[in-house]
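Undergrad: Build the 3D model from these lines:
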Amino acid sequence: MSGAYKLIVKMSSLGEVTEYPPAFVDVTVLDYSITPTVESNAPMHKPIYMGEMLTLLSITAIKGASYHWVSPDGLSVTTEDPHVIVSSVSGALSGTHTLTISVNGYTFPTASIDVGIINSSIPMKLDSNSPLCVGNTLNLFIPTSITAIKDYRWELPDGSIVVTSVPRLERDHVIEAMEGTYTVTISADDHIYPPISTIVEIIDSHQPITVQSNSPVCPGDQMALWVNPVEGAISYHWEFPNGLVEITDWPYLDLPHADMTMSGSYTLTVLTAGCIPPPPASCTVMIDDVQAKELIVGSNSPVCPGDQIFLWTTPITGAISYHWQFPNGLSETTDSPCLDLPHADMTMSGTYTLTVSTVDCMPPSPTSIDVEVRSPILNRERRNADVSQVRDSFYMGLKNPYPNPAQSYMHIPFTIPRAGHVSIKIYRLVNGFLVKEIKQYYSQGGDYSIQADLSDFKYDDRSLYFYRLEYDHILHPVAKQFSVSLL
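TA: Below you'll find the predicted structure:
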């Protein structure tokens with residue numbers, strides 16, 4: 001019965017009828033059972049972008065009614081029109097909009113609609129829980145909240161693709177092969193965001209470690225121990241030879257003022273966060289009191305005029321030079337503990353004094369040795385007896401070792417004049433420290449070769465060695481140098 005009603009008035013007077021102009025009135029009959037509904041050009045399943053126009057429309061249009069709109073950000077507006085237009089929408093209007101209709105003191109039930117606004121200006125990034133350990137769970141996620149997304153397309157380092165409907169990706173029991181760049185592309189119904197990436201690092205901290213030191217060191221000097229940094233390490237536990245423990249946050253340990261009691265084995269245990277730690281590793285440190293050592297000098301004395309004089313001493317830790325003072329007032333400085341003097345003459349008989357210069361350590365006291373250059377007019381018996389030993393030293397021979405650089409083993413060829421005891425002594429070149437001695441008895445003279453086991457030798461930038469041959473207490477004057485390398 002709602003609609004326009006027309007009123008016509010007619011009057012009769014003295015038989016005459018007068019008709020007045022019609023009058024009209026609109027009548028609205030309210031149906032209080034109506035439930036208002038709202039529509040929009042940006043429903044959640046089909047969002048619009050920031051800056052576009054948003055339209056909200058009440059399907060229920062009632063004459064004379066007021067329309068009260070409340071947006072997700074809490075702002076409200078009241079209109080007499082059943083629609084609202086926002087010319088340039090912001091991200092704050094994404095969410096639920098409500099409408100309340102009132103007329104003639106009656107308020108209808110509230111209607112609502114969810115509106116989707118794509119915030120295309122959000123600075124998106126891809127995060128993860130990297131670095132993580134082998135065997136743990138990898139979590140990739142987008143911390144920025146974005147509405148109206150269709151799917152997330154993840155590209156893994158191996159080139160495979162995973163599609164999800166949520167902004168995160170998990171991978172259980174990771175291995176090192178899963179390390180690399182992960183990329184995600186986000187798709188909306190009619191928009192694709194630029195790809196975003198992150199690099200994931202997988203740590204295998206269970207690999208063995210090698211502890212190194214500046215051993216040997218002198219008393220009073222600083223001792224240093226170190227190891228390559230362990231990924232995921234939270235502390236390094238150093239156990240000393242006396243049972244004490246020091247904990248550091250870094251992969252090295254400095255101990256000032258070393259003394260002889262600090263010689264021995266140092267063990268390192270690494271604690272890691274969530275990872276399987278590497279097995280403990282040890283390093284032997286030697287405190288070498290060079291000053292307390294007695295220099296022992298040897299020679300091939302006696303020699304004949306025109307022959308070669310050989311002088312040698314035991315290598316000294318930290319030595320930088322060996323200074324030889326001759327009986328005739330001359331001198332010579334060498335880097336090695338050996339000295340060769342060709343063409344001996346009678347003026348070279350006498351006392352030779354050796355002084356060693358060292359780095360940091362206090363050097364040992366100088367020492368001397370007498371060398372005799374004998375005249376050829378010797379009685380036959382004495383000459384034959386003495387020259388026998390000199391002749392043996394010339395018949396001793398050292399050939400080059402092989403392979404060089406050596407790996408887990410090395411062949412040392414040599415020659416001896418007759419049956420006797422042979423000793424091969426191997427030293428580190430950097431400090432003269434004796435690291436191995438090989439002894440063997442041979443029943444007759446000839447050419448021989450000893451295979452030396454080098455599997456326990458160090459492999460670092462100081463892996464240079466030399467060896468000497470000793471035969472029946474006669475030391476060969478020549479030292480052979482070699483190096484050790486990784487397999």
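Undergrad: Could you pull out the helices in this protein for me?
TA: Along the chain, counting by DSSP state H, helices occupy 380-395.
Undergrad: mind giving me the domain ranges of it?
TA: Domain segmentation of the chain under automatic domain parsing yields 38-116, 127-203, 212-285, 290-384, 396-483.
Undergrad: and stretch 469-484, average pLDDT?
TA: For stretch 469-484, mean pLDDT is 79.
Undergrad: Could the C-alpha coordinates of that stretch be exported in PDB?
TA: What follows is stretch 469-484, C-alpha atoms only, in PDB (Å, rounded to 0.1, in the frame of the first residue of the first chain):
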ATOM      1  CA  LEU A 469     122.200 -39.200   8.700                       C
ATOM      2  CA  GLU A 470     124.300 -40.600  11.400                       C
ATOM      3  CA  TYR A 471     126.400 -43.800  10.900                       C
ATOM      4  CA  ASP A 472     128.200 -45.400  13.800                       C
ATOM      5  CA  HIS A 473     128.300 -42.000  15.600                       C
ATOM      6  CA  ILE A 474     129.600 -40.200  12.500                       C
ATOM      7  CA  LEU A 475     127.200 -37.400  11.500                       C
ATOM      8  CA  HIS A 476     127.000 -36.800   7.800                       C
ATOM      9  CA  PRO A 477     127.700 -33.100   7.100                       C
ATOM     10  CA  VAL A 478     124.900 -32.500   4.700                       C
ATOM     11  CA  ALA A 479     121.200 -32.000   5.700                       C
ATOM     12  CA  LYS A 480     118.400 -32.700   3.300                       C
ATOM     13  CA  GLN A 481     115.300 -30.500   3.300                       C
ATOM     14  CA  PHE A 482     111.700 -31.600   2.500                       C
ATOM     15  CA  SER A 483     108.100 -30.500   2.900                       C
ATOM     16  CA  VAL A 484     104.800 -32.200   3.900                       C
END
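Undergrad: Kindly reformat the domains of the chain as a markdown table and extend each row with mean neighbour count and distance to Tyr5.
TA: Yep, even glycine has a C-beta here, placed from its N, CA and C like the rest. Below are those laid out as a markdown table (neighbours: other C-beta atoms under 10 Å; distance: least, C-beta to C-beta, whole Å):
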| stretch | mean neighbour count | distance to Tyr5 |
| --- | --- | --- |
| domain 38-116 | 15 | 15 |
| domain 127-203 | 15 | 49 |
| domain 212-285 | 16 | 83 |
| domain 290-384 | 16 | 119 |
| domain 396-483 | 16 | 109 |
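Undergrad: Dump those into CSV; add distance to Met11 as well.
TA: Below are those laid out as CSV (distance: least, C-beta to C-beta, whole Å):
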stretch, distance to Met11
domain 38-116, 33
domain 127-203, 69
domain 212-285, 103
domain 290-384, 136
domain 396-483, 128
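Undergrad: For Ala23, which of the ones you listed is the nearest?
TA: domain 38-116 (19.0 Å; C-beta to C-beta).
Undergrad: What distance separates the opening and closing residues of that closest one?
TA: End-to-end span of domain 38-116 (C-alpha to C-alpha, to the nearest Å): 15 Å.
Undergrad: try stretch 465-480
TA: Start-to-end, stretch 465-480 (C-alpha to C-alpha) is 8 Å.
Undergrad: and if you look at stretch 343-350?
TA: Using C-alpha to C-alpha, the end-to-end distance of stretch 343-350 comes to 15 Å.
Undergrad: Stretch 188-203 too?
TA: One end of stretch 188-203 to the other measures 36 Å (C-alpha to C-alpha).
Undergrad: Pull the distance from that stretch to the chain's centre.
TA: 26 Å (C-alpha atoms, centre = their mean, to the nearest Å).
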